[in-house]
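Enquirer: Here is the input, now give the coordinates:
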Amino acid sequence: MHSLILVPMLAAATFAGPTDDKAALLEKVRAAYANLETLSFDLRIEEVFPDRPFFDERLRGKKRTLEVQAVMAKGGRFRVEAFEGPERIAIMVSDGQEVFEWAKEGNRWTRYPASPSGEQSGSEEVLLRHQDYPFLGSQNQIEPQGLFLAEQLPEISRPEYKLIGTAEIDGRECDVIEQKTVETMLDERITSLQTVCFDRKRHLAVKFAETMEGTKAGRKVYSFSRSWLYRNIRPNAKLPEDAFTFTPPEGSTFIPPDKIEHRREQPPSLDGQPAPAFTLPAVKGGKVSLAD
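Expert: Numbers count the residues shown, from 1 in each chain. Next up, the predicted model:
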């Protein structure tokens with residue numbers, strides 16, 4: 001699943017007993033998405049990043065909240081606008097033939113042909129990139145139901161994801177499916193939890209969540225969380241005629257996609273560098289080291 005998921009796990013949720021079996025629920029979800037011609041929603045993304053050396057230094061240890069407004073329709077058309085507080089920071093629009101992007105940073109915009117698959121034309125060649133604008137990982141798909149049916153539903157269908165009951169999410173009664181994994185890496189215990197919640201009336205996704213916590217000798221050493229909360233969901237809503245028309249913001253500068261340079265420095269190459277020594281538990285007992 002394209003990792004979009006949630007926050008401090010459903011803190012306001014009250015769980016009931018198991019509802020219908022998971023297979024029956026997911027069949028209702030499949031039908032709900034398959035019947036979409038248009039989809040309109042607001043999305044709140046909340047992220048808490050770990051303060052760890054391996055993480056992006058610009059986000060390390062920080063919290064971020066994005067408010068997203070999105071509409072999409074069959075034919076590869078979509079419009080996504082993102083805000084930090086009251087300030088609009090990004091726009092991405094497709095009329096089915098071309099994709100237009102604008103970023104507040106530098107007040108720049110670009111355009112390029114829409115891909116038949118609905119994916120971006122190379123994440124390093126366009127203005128908005130997934131690591132900076134996480135909503136793009138889900139919203140720039142060619143159909144309202146495209147990503148969910150093609151990628152997320154098969155993932156959730158795996159037996160590791162369990163239907164655990166119901167919960168009230170943002171005033172809506174939802175079915176809750178989750179997967180929990182515990183792994184040991186070097187001397188750290190890593191616990192991951194992924195959760196997805198579906199509105200019990202319309203069977204559309206209301207919330208995704210992802211949390212990860214690392215502990216060492218029983219003490220938490222880092223944590224990460226991301227939540228996606230969908231609000232004002234309007235399936236098959238009548239959209240304005242200009243919903244997928246892009247007008248460059250005043251004073252913005254056009255940059256050809258092949259001329260865009262990102263400020264982020266590339267990480268140094270590790271080619272030819274010695275690997276750090278480590279020891280791990282062996283599958284059949286005992287331990288095995290890199291030297292072994």
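Enquirer: Which positions in the longest strand anywhere in the chain come out as buried?
Expert: Secondary structure of the chain per DSSP state E: the longest strand is strand 219-235. Within strand 219-235, the residues that qualify as buried are 222, 223, 224, 225, 226, 227, 228, 229, 230, 233, 235, counting by 16 or more other CB atoms under 10 Å. Backbone N, C-alpha and C define where each C-beta goes, glycine included.
Enquirer: From the contact counts, what lies against the helix or strand just after that strand?
Expert: For strand 219-235, the following helix or strand on the C-terminal side (DSSP states H and E) is strand 253-254. On a contact count with 3 or more CB pairs under 8 Å, 6 or more residues apart in numbering; DSSP states H and E, strand 253-254 meets strand 108-113.
Enquirer: Using PDB, write out the CA atom coordinates for the strand it packs on.
Expert: The C-alpha trace of strand 108-113 is given here as PDB (Å, rounded to 0.1, in the frame of the first residue of the first chain):
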ATOM      1  CA  ARG A 108       6.800  28.600  -9.700                       C
ATOM      2  CA  TRP A 109       4.600  26.400 -11.900                       C
ATOM      3  CA  THR A 110       5.100  23.800 -14.600                       C
ATOM      4  CA  ARG A 111       3.200  21.600 -16.900                       C
ATOM      5  CA  TYR A 112       3.700  18.200 -18.600                       C
ATOM      6  CA  PRO A 113       1.700  15.500 -20.400                       C
END
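Enquirer: what packs against that strand?
Expert: strand 98-103, strand 253-254.
Enquirer: ok and that strand relative to strand 98-103, angle-wise?
Expert: On the basis of axes from the mean of the first three to the mean of the last three CA atoms, to 10 degrees, strand 108-113 is oriented at 160 degrees to strand 98-103.
Enquirer: And for strand 108-113, what's in contact with it?
Expert: 91, 97-103, 121, 125-127, 246, 248-249, 252-257, 260 (CB atoms under 8 Å, 6 or more residues apart in numbering).
Enquirer: Lowest average confidence across the helices and strands packed on strand 108-113, which one?
Expert: Mean pLDDT values for the helices and strands packed on strand 108-113 show the minimum at strand 98-103, a mean of 93.
Enquirer: and that one, which strands flank it?
Expert: Within its sheet, strand 98-103 is paired with strand 87-95 (antiparallel), strand 108-113 (antiparallel), according to DSSP bridges.
Enquirer: I'd like the mean pLDDT over the last one, please.
Expert: Computed over strand 108-113, the mean pLDDT rounds to 94.
Enquirer: Tell me which stretches of the stretch 101-250 of the chain form strands.
Expert: Counting by DSSP state E, counting those that start in this stretch, the stretch 101-250 of the chain has strands at residues 108-113, 162-169, 172-185, 188-199, 205-216, 219-235.
Enquirer: what's the longest one packed up against?
Expert: It refers to strand 219-235. Secondary-structure packing of strand 219-235 (3+ CB pairs under 8 Å, 6+ apart): strand 38-48, strand 205-216.
Enquirer: Buried deepest among the ones you listed, which one?
Expert: Greatest average neighbour count among these goes to strand 205-216 (a mean of 21), per mean count of other CB atoms under 10 Å.
Enquirer: just checking, residue 68 touches residue 42?
Expert: Yes. Using CB atoms under 8 Å, residue 68 is in contact with residue 42, at 6.9 Å.
Enquirer: returning to what we had before: got CSV for the helices and strands packed on strand 108-113, with distance to residue 76 and mean neighbour count too?
Expert: As requested, the helices and strands packed on strand 108-113 are exported to CSV (distance: least, CB to CB, whole Å; neighbours: other CB atoms under 10 Å):
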stretch, distance to residue 76, mean neighbour count
strand 98-103, 9, 22
strand 253-254, 22, 10
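Enquirer: Tell me which of these sits nearest to residue 216.
Expert: strand 98-103 (38.9 Å; CB to CB).
Enquirer: Put the alpha carbons of the longest strand of the chain into PDB.
Expert: Extracted in PDB, the C-alpha atoms of strand 219-235 (Å, rounded to 0.1, in the frame of the first residue of the first chain):
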ATOM      1  CA  ARG A 219      12.800   2.400  26.600                       C
ATOM      2  CA  LYS A 220      11.300   4.300  23.600                       C
ATOM      3  CA  VAL A 221      14.100   5.700  21.400                       C
ATOM      4  CA  TYR A 222      12.000   7.000  18.500                       C
ATOM      5  CA  SER A 223       8.500   7.100  17.100                       C
ATOM      6  CA  PHE A 224       6.800   8.100  13.800                       C
ATOM      7  CA  SER A 225       3.100   8.700  13.000                       C
ATOM      8  CA  ARG A 226       1.100   9.800  10.000                       C
ATOM      9  CA  SER A 227      -2.700  10.200   9.800                       C
ATOM     10  CA  TRP A 228      -5.100  10.900   6.900                       C
ATOM     11  CA  LEU A 229      -8.500  12.000   8.000                       C
ATOM     12  CA  TYR A 230     -11.100  12.400   5.200                       C
ATOM     13  CA  ARG A 231     -13.900  14.900   5.700                       C
ATOM     14  CA  ASN A 232     -16.800  16.300   3.700                       C
ATOM     15  CA  ILE A 233     -16.700  13.300   1.400                       C
ATOM     16  CA  ARG A 234     -19.000  13.700  -1.600                       C
ATOM     17  CA  PRO A 235     -19.200  10.700  -3.900                       C
END
